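[1] Sequence and predicted model, in that order:
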Amino acid sequence: MEFEITRDNRNELLNRREVHYTLTYDGATPSRVQILGKLAALMNAPENLVVLDSMKKRFGAMEVEGVARIYDNEDALKMTEREYLVKRSAPAAKEAE
């Protein structure tokens, strides 16, 4: 899995970074959880502050183009982001043992 950041804008008004990326991979399409973890590590951000907005697979290519938003804090995230996107981008909950 190889990321290429195509655009990285800072939005001071909403306290976030808006990142456009292209992901090249081999084999099966990576899950949202895998992409979220890799992108958070690449951008040095906590996973709970990263929201994956859109992901579009290019037909016939092992490539995904997407948009992610990285917030400065949880208050900014909860104030501006739609609830279903926050739930969809939440890190996987660990099962109790």
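    Great, that's in hand.

[2] correct me, but residue 53 touches residue 67?
    Yes. Here residue 53 reaches residue 67: they are 4.4 Å apart, a contact under C-beta atoms under 8 Å. To be clear about C-beta, it is placed using only N, CA and C from the backbone, and glycine gets the same treatment.

[3] What sits closest to residue 25 if chain neighbours are left out?
    Closest residue to residue 25 apart from its sequence neighbours, by C-beta to C-beta, 6 or more residues apart in numbering: residue 1 at 4.8 Å.

[4] quick one: average confidence on stretch 20-28?
    For stretch 20-28, mean pLDDT is 93.

[5] Show me which positions of that stretch end up buried.
    Judged by neighbour count (16 or more other C-beta atoms under 10 Å), stretch 20-28 contains these buried residues: 20-21, 23.

[6] from those, which single one is nearest residue 40?
    Among those, residue 21 lies closest to residue 40 (C-beta to C-beta), at 12.1 Å.

[7] residues contacting that closest one?
    3-6, 39, 65-68 (C-beta atoms under 8 Å, 6 or more residues apart in numbering).

[8] Taking the residues you listed, please make a PyMOL selection of just the buried ones.
    Restricted to buried positions by 16+ other C-beta under 10 Å, the PyMOL selection for those reads:
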select buried, resi 3+39+65+66+67+68
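
[9] In strands, which of the contacts of residue 21 fall?
    3-6, 65-68 (DSSP state E).

[10] which residues touch the helix or strand of the chain with the lowest mean pLDDT?
    In the chain, no helix or strand scores lower on mean pLDDT, DSSP states H and E than helix 83-88, which sits at a mean of 86. Applying C-beta under 8 Å, 6+ apart, the set of residues contacting helix 83-88 from outside is 32, 51-53, 77-78.
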